[in-house]
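Asker: okay, sequence plus prediction incoming.
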Amino acid sequence: MRAIVISAQGGPEVLEYAEHPDPTPGPGQVVVDVAASGVNFIDIYHRSGVYPVQVPSPIGSEGAGTVSAVGEGVTGVSVGDTVGWVNILGSYAEKAVVAADRLVPVPDGLAPDLAAAALLQGMTAHFLVRSAHEVKAGEQVLVHAGAGGMGQLLIQLSKLHGATVHTTVSSEAKAELARAAGADEVHTYDSFADTLRDSMDVVYDGVGASTFDGSLVAVRPRGLMVLYGGASGPVPPLDPQQLNRQGSIFLTRPSLVHYIADREELLWRAREVFDWVAKGELKINVSERYPLSEASRAHEDLAARRTTGKLLLIP
């Protein structure tokens with residue numbers, strides 16, 4: 001099979017596309033013929049060293065496809081089933097080995113590439129609006145980078161739960177995408193803090209270094225700041241007294257892995273995301289599909305914020 005592996009951590013050039021032996025499933029595992037792999041910022045963190053991995057290492061954390069082989073002891077999964085997964089290294093490949101208890105079934109009628117596009121970001125948006133903070137009708141919500149894949153999902157789900165949604169973008173073209181996703185108010189990055197000062201019940205910030213201080217300004221007293229990523233770089237160390245000065249606000253830095261550690265919770269989140277997609281309540285904007293061999297270009301485009309929706313690699 002062909003797959004992407006890194007032999008060192010660094011820039012996009014370390015993504016090596018080459019032939020590798022076809023995998024075989026061990027006990028409790030299955031092999032999946034990959035239909036599509038999602039491209040996410042966590043992949044950039046693995047590649048660059050923000051999240052250290054032992055090299056050489058496979059890469060890619062999300063995908064969907066058809067089960068082609070089943071290992072010893074596996075029940076509930078059969079050859080020919082369409083399945084998806086997240087947080088499994090090795091998803092940038094023609095074939096992936098996945099623990100059977102980390103698979104989610106893809107409903108009939110949902111294309112595997114759309115399932116791959118929906119899972120990691122969809123379940124992240126799910127836990128952010130349902131669990132890290134339960135968005136309620138009438139709340140004021142700020143979503144940064146509203147034209148990006150995560151931003152569009154957070155806008156839609158916050159609106160679905162009855163919130164008034166503000167967002168930030170870097171251009172008028174991106175503003176139109178954010179409005180199309182349902183944003184009520186669109187702001188520039190240099191003006192949002194002063195405009196929204198002390199008024200947001202919750203801020204969802206996946207941008208990080210360049211927006212963090214302004215996000216704290218925008219949160220109302222005793223409101224919540226949710227830092228879920230760092231697309232612009234890591235946030236410097238914070239003096240907890242700053243949270244006091246801003247109005248006794250709360251700060252959390254959550255990660256999807258801790259919100260799907262239990263299989264029942266994993267299946268619940270995936271099921272609700274797929275259900276919203278099937279009903280048309282959650283629209284997945286796949287903005288780019290790249291051949292697997294062009295993973296480095298996908299990383300470059302995502303890091304440079306040249307994209308506006310979900311990116312997929314197609315074997």
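Answerer: Nice, I can see it. Numbers count the residues shown, from 1 in each chain.

Asker: from here on, contacts and neighbour counts on C-alpha atoms
Answerer: Noted.

Asker: mind listing what the closest residue to residue 85 other than its chain neighbours touches?
Answerer: In this structure, residue 85 finds its nearest non-sequential neighbour in residue 103, 5.2 Å apart by CA to CA, 6 or more residues apart in numbering. Going by CA atoms under 8 Å, 6 or more residues apart in numbering, residue 103 touches 83-85.

Asker: the longest strand along the chain: partners in the sheet, and parallel or antiparallel?
Answerer: Counting by DSSP state E, the longest strand found in the chain is strand 29-39. The pairing partners recorded for strand 29-39 under DSSP bridges are strand 62-70 (antiparallel), strand 95-99 (antiparallel), strand 310-314 (antiparallel).

Asker: let me see the mean pLDDT of that strand.
Answerer: What strand 29-39 shows for mean pLDDT is 98.

Asker: that strand: what's the following helix or strand?
Answerer: Next in sequence after strand 29-39, counting helices and strands by DSSP states H and E, comes helix 41-48.

Asker: which helices and strands sit right next to the helix or strand just after that following helix?
Answerer: Once the chain leaves helix 41-48, the next helix or strand it forms, by DSSP H and E, is strand 57-58. Counting contacts by 3 or more CA pairs under 8 Å, 6 or more residues apart in numbering; DSSP states H and E, strand 57-58 packs against strand 2-6.

Asker: next, the angle helix 41-48 makes with whichever helix or strand comes after the strand it packs on.
Answerer: Per DSSP H and E, the first helix or strand lying C-terminal to strand 2-6 is strand 15-19. Strand 15-19 and helix 41-48 are oriented at 90 degrees to each other (axes from the mean of the first three to the mean of the last three CA atoms, to 10 degrees).

Asker: just list the residues touching residue 139, thanks.
Answerer: Shown in contact with residue 139 (CA under 8 Å, 6+ apart): 162-164, 200-201.

Asker: quick revisit: so which of the contacts of residue 103 belong to strands?
Answerer: Going by DSSP E, the strands hold 83-85 from the contacts of residue 103.

Asker: sec struct for the residue most central in space within the chain, please.
Answerer: By CA atoms, centre = their mean, the mean C-alpha position of the chain lies nearest to residue 121, the distance being 3.0 Å. At residue 121 the chain is in helix, as set by DSSP: H, G, I helix; E, B strand; the rest coil.

Asker: do you know how far residue 248 is from residue 196?
Answerer: 17 Å (CA to CA, to the nearest Å).

Asker: what about the contacts of residue 139, which are in strands?
Answerer: In strands, judged by DSSP E, the following of these are found: 164, 200-201.

Asker: out of those residues, who's nearest residue 309?
Answerer: residue 164 (21.7 Å; CA to CA).

Asker: next one: that closest one from residue 202, what distance?
Answerer: As for residue 164, its distance to residue 202 is 11 Å (criterion: CA to CA).

Asker: where do the contact lists of those two overlap?
Answerer: Common contacts of residue 164 and residue 202 (CA under 8 Å, 6+ apart): 140-141.

Asker: between those two, who's got more neighbours?
Answerer: Higher neighbour count among residue 164 and residue 202: residue 202, with 28 against 20, using other CA atoms under 10 Å.

Asker: I'd guessed residue 269 sits against residue 121; true?
Answerer: No: counting by CA atoms under 8 Å, residue 269 does not reach residue 121; the two are 11.3 Å apart.

Asker: neighbours around residue 107, how many?
Answerer: Applying other CA under 10 Å, we find 16 other residues in the vicinity of residue 107.

Asker: picking up where we left off before, just the C-alpha atoms of the longest strand of the chain, please, in CSV.
Answerer: Provided in CSV are the C-alpha atoms of strand 29-39 (Å, rounded to 0.1, in the frame of the first residue of the first chain):
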residue,chain,number,x,y,z
GLN,A,29,-8.1,-5.0,15.4
VAL,A,30,-9.4,-4.5,11.9
VAL,A,31,-7.9,-3.3,8.6
VAL,A,32,-9.9,-0.7,6.7
ASP,A,33,-9.5,0.3,3.0
VAL,A,34,-9.4,4.0,3.4
ALA,A,35,-11.9,6.0,1.3
ALA,A,36,-10.8,9.4,2.7
SER,A,37,-8.6,10.9,5.4
GLY,A,38,-9.4,14.1,7.2
VAL,A,39,-6.7,16.8,7.4
